[in-house]
Structures are given as C-alpha cells and as structure tokens.
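Asks: with the sequence up front, the predicted model follows.
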Amino acid sequence: NDWTYRYLHKAAERMVELANGNRNAGGVTERALKQAARELLLLQASDWAFIMKTGTVVEYANKRTVDHVERFTRLYDMIKTNSIDEGFLSDIEWKDNLFPNIDFRAYCS
C-alpha cells in the first residue's frame, strides 16, 4: 500500500490550495469544493490501506483508491480552470455524498 501515500499527500496539499483560493465560493464551485473534500476523506480512509496490507479484497481496495484519486484530481482541475462539469459533479455527489454539510473551508490555512 506504500504507493498510495504520494497520492494522499498531493491531494491533501491540493485541497488546502483549493480552499485557500476559493474561500468565498458559492454555487457550483462550492459544490465541487465540498465534493473534493469528500473525495479526499474517502481517499484517506484507512480501510483501503488496511485491506491492501491484510490481503483481503485487495483489488477492490485498489480500485476505490484509484477512483477517489481520479475523482479528486478531476475536480481539482475543473475548479482550477473554472470549467466544472455539472453532470460529472452530480453523478459523484449522488454516489458518495457522505457528510452533506461538509465545509471545505476547514482546509483553509
């Protein structure tokens, strides 16, 4: 599972960057920032690394890790370029909408 940590650290750094640069965001940008925070939390879930280490359903844990990295990265790119794909955003909000009241500003430094 050591391969995951470079992605975890990079996503965490990028989340701080996004939060600091968009403190007053509203509308679809705020939705994307909230989902980016969710994706980061899901990526950081220790279950995936634990499953990989113990050797149980490793393929599933790898897939979930990669999925969350890809989603977070896509959200990051969309927010940075101010080109948010609302269809994609709605889809992943529906798939993973834990912490519906998450405040992305918690990542502000």
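Replies: Sure thing, it's come through.

Asks: point to the residue nearest the middle of this structure.
Replies: Nearest to the geometric centre of the chain sits residue 39, at 2.4 Å (C-alpha atoms, centre = their mean).

Asks: residues touching that one, list them.
Replies: Neighbouring residues of residue 39 by C-beta atoms under 8 Å, 6 or more residues apart in numbering: 11, 68, 71-72, 75, 92, 96. (Each C-beta comes from the backbone N, C-alpha and C, glycine too.)

Asks: mark which of the residues you listed are part of helices, please.
Replies: 11, 68, 71-72, 75, 92 (DSSP state H).

Asks: any stretches of this structure with poor pLDDT?
Replies: 1-2, 4, 46, 48-55, 57-58, 61 (pLDDT under 70).

Asks: now do 90
Replies: Residue ranges of the chain with pLDDT under 90: 1-8, 42-68, 96-98.

Asks: now the contacts of residue 39 as JSON lines including distance to residue 45 and neighbour count?
Replies: Listed next are the contacts of residue 39 as JSON lines, based on distance: C-beta to C-beta, whole Å; neighbours: other C-beta atoms under 10 Å:
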{"residue": "11", "distance to residue 45": "12", "neighbour count": "20"}
{"residue": "68", "distance to residue 45": "9", "neighbour count": "24"}
{"residue": "71", "distance to residue 45": "14", "neighbour count": "23"}
{"residue": "72", "distance to residue 45": "13", "neighbour count": "26"}
{"residue": "75", "distance to residue 45": "17", "neighbour count": "28"}
{"residue": "92", "distance to residue 45": "16", "neighbour count": "20"}
{"residue": "96", "distance to residue 45": "11", "neighbour count": "16"}
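
Asks: closest to residue 21 among the residues you listed?
Replies: Distance to residue 21 across the contacts of residue 39 (C-beta to C-beta) is lowest for residue 75, with 13.6 Å.
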